[in-house]
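Peer 1: please work out how this folds:
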Amino acid sequence: MANAASGMAVNDECKLKFLELKSKRTHRFIVFKIEEKLKQVVVEKLGGPSQSYEDFAASLPANECRYAVYDFDFVTEENCQKSRIFFIAWSPDDSKVRSKMIYASSKDRFKRELDGIQVELQATDPTEMGLDVIRSRAN
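Peer 2: The predicted structure follows:
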């Protein structure tokens, strides 16, 4: 099903891998890319459960837009182990305008396909999605 606003479909693998992250915790993060020629969102990279936040941040290209999902584990002030699933719309300042527009117009539809996202972040540079930001938004 293509998105009326941007014409982007969501590849089934995106939903499948997100389900694995959410229920089986087989992935720490997933990076999604819009394949313009295919007119669909596809999985670009999977991060294993042992990978760190730094590995995740390093997997986002410096000058290209991406969507990403990150499973953040943390301990509350009451000493409870918790997890939050973050959806990150990565749109660096120096990426192409066309790319930014396509990602922006497809975001809401794509996000609806991933049932279980708890926190959304929009980031244009690494500081906007730093670990400190993630921590503060997780609680």
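Peer 1: just the element for the residue most central in space within the chain, please.
Peer 2: Nearest residue to the geometric centre of the chain (Cα atoms, centre = their mean): residue 68, 1.5 Å. Counting by DSSP states H and E, the element that carries residue 68 is strand 66-75.
Peer 1: and the gap between the residue nearest to the centre of the chain and residue 80?
Peer 2: According to Cβ to Cβ, to the nearest Å, residue 68 and residue 80 sit 26 Å apart. For the C-beta atoms, the positions are set from N, CA and C on the backbone; glycine is no exception.
Peer 1: what does residue 89 give?
Peer 2: 29 Å.
Peer 1: do residue 17 as well
Peer 2: Distance, residue 17 to residue 80, by Cβ to Cβ: 27 Å.
Peer 1: residue 93 too?
Peer 2: 37 Å.
Peer 1: between the two ends of stretch 66-84, what distance do you get?
Peer 2: 20 Å (Cα to Cα, to the nearest Å).
Peer 1: mind listing what's buried along that stretch?
Peer 2: For stretch 66-84, burial by neighbour count (16 or more other Cβ atoms under 10 Å) applies to 66, 67, 68, 69, 70, 71, 72, 84.
Peer 1: now distance to residue 114 too, for these, in TSV please.
Peer 2: Below are the buried residues of stretch 66-84 laid out as TSV (distance: Cβ to Cβ, whole Å):
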residue	distance to residue 114
66	14
67	9
68	11
69	7
70	12
71	12
72	15
84	14
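Peer 1: quick one: contacts for residue 65?
Peer 2: Residue 65 sits next to 34, 89, 90, 91, 92, 95, 99, 100, 102, 103 when contact means Cβ atoms under 8 Å, 6 or more residues apart in numbering.
Peer 1: phi first, then psi, for the residue of the chain most remote from its centre.
Peer 2: In terms of distance from the mean C-alpha position of the chain, residue 78 ranks first, at 28.2 Å (Cα atoms, centre = their mean). Phi and psi for residue 78, reported as degrees, to the nearest 10, are phi -80, psi 10.
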